[in-house]
Every structure is written in structure tokens, then in C-alpha cells.
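>>> return a 3D structure for these sequence lines:
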Amino acid sequence: REAILLHVFDDPRIYADHASAARAQARWRKLGIAADILPVDAHDHRFRIGLGRYYLDAYALAFQEDLKARGLPFVYHRMRKRIPVYRIVFPAQPHDEAMALWRKLHQAGINTMLLMRERDFRANFADLQPSSATKRSNK
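So this is what the prediction gives:
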């Protein structure tokens, strides 16, 4: 687990009941924003709408600029959060092959948490695995 900076965007309004929060959620989604209904706190029966949670500064900034450009209301705050962290280790391979693999992973959404079985990884990215000519034996 590692402490990261989390960028949080929410609708600035508080909704008195779930039905009104659901209507607000539908309005946000109609605008193309993935909105989630969240309780204000564990002991309250009011709700808020979560608009986005971002770990990467560039994505948070792009989302914020989009909201501002469209004139949509939002509140923003940052928080430190401990999350599970997964490291991707590439096998030793020529730089060009490693960069091609990295680009393909990034295009597949590596900016979000990526967990997949080895067999799924091989099925999706087999064309970018080191060729037999570049593999080395540990024997």
C-alpha cells in the first residue's frame, strides 16, 4: 500500500433524499459524466454526487478544465489516500520492443488499475512479447 494524492470532484449540492440524488445523477450522466450517488456521511440520510476521482494530475486537470469550459458547477478537493499499488515489471528486452509494449498497455488503459491473469496478458499482448531471437536462457 502506498499513499497517493487523490483529486476529488463532486457536485456542490446536497440532496435531501435518494430520489432527488438519482435525478441529479441522471442529469450528470446525460452530460457524459460518470456520476455516483454517495451518502454525505454514515449517519446522514442525505446524498451527494461524486463526479470523479483521479490519481493522475494530468487527468484531474483535464477533467477540471472540461467542467469549467462547460460552465458546470463542482467542488474540488485533494486528499491523501493509501491504496494498493501494483508494479509492472517488463522482462529484459530491446528498448524498442519495451516501448511498443508500454504504448499498447497505455492505450489499453494502464492509467487505471490493471490486473489480469498471465494467460490473458499473453493473449492480448503476445505480439509484443520478446521474440525467440531476443529471449535468453537462464541455464
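>>> Ile83 contacts Glu2, doesn't it?
Yes: using C-beta atoms under 8 Å, Ile83 is in contact with Glu2, at 6.7 Å. In this view, the C-beta of every residue, glycine as well, is placed from N, C-alpha and C.
>>> between these two, who's got more neighbours?
Taking other C-beta atoms under 10 Å, Ile83 and Glu2 do not tie; Ile83 has more neighbours (12 against 8).
>>> tell me what the residue lying closest to the more buried one once chain neighbours are set aside is bridged to.
Distance criterion C-beta to C-beta, 6 or more residues apart in numbering; nearest residue to Ile83, sequence neighbours excluded, is Ile4 at 5.8 Å. Note on Ile4: beta-bridge partners by DSSP bridges are Lys81.
>>> quick check: Ile4 vs Arg82, distance?
8 Å (C-beta to C-beta, to the nearest Å).
>>> which one of those two is surrounded by more residues?
Ile4 (13 against 9).
>>> enumerate every residue touching the more buried one.
Tyr55, Arg80, Lys81, Arg82, Ile83, Val85 (C-beta atoms under 8 Å, 6 or more residues apart in numbering).
>>> the protein: strands as residue ranges?
2-10, 36-39, 47-54, 75-83 (DSSP state E).
>>> dump these to JSON lines, plus distance to Arg23 and mean pLDDT.
As requested, the strands of the chain are arranged in JSON lines below (distance: least, C-beta to C-beta, whole Å; pLDDT from 0 to 100):
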{"stretch": "strand 2-10", "distance to Arg23": "16", "mean pLDDT": "91"}
{"stretch": "strand 36-39", "distance to Arg23": "10", "mean pLDDT": "94"}
{"stretch": "strand 47-54", "distance to Arg23": "10", "mean pLDDT": "94"}
{"stretch": "strand 75-83", "distance to Arg23": "19", "mean pLDDT": "92"}
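>>> nearest to Lys104, out of those strands?
Minimum separation from Lys104 across these (C-beta to C-beta) falls at strand 47-54, 22.7 Å.
>>> show me what the closest one is packed up against.
Here strand 47-54 touches strand 2-10, helix 18-30, strand 36-39, helix 57-69, going by 3 or more C-beta pairs under 8 Å, 6 or more residues apart in numbering; DSSP states H and E.
>>> I am finished for the moment; much appreciated.
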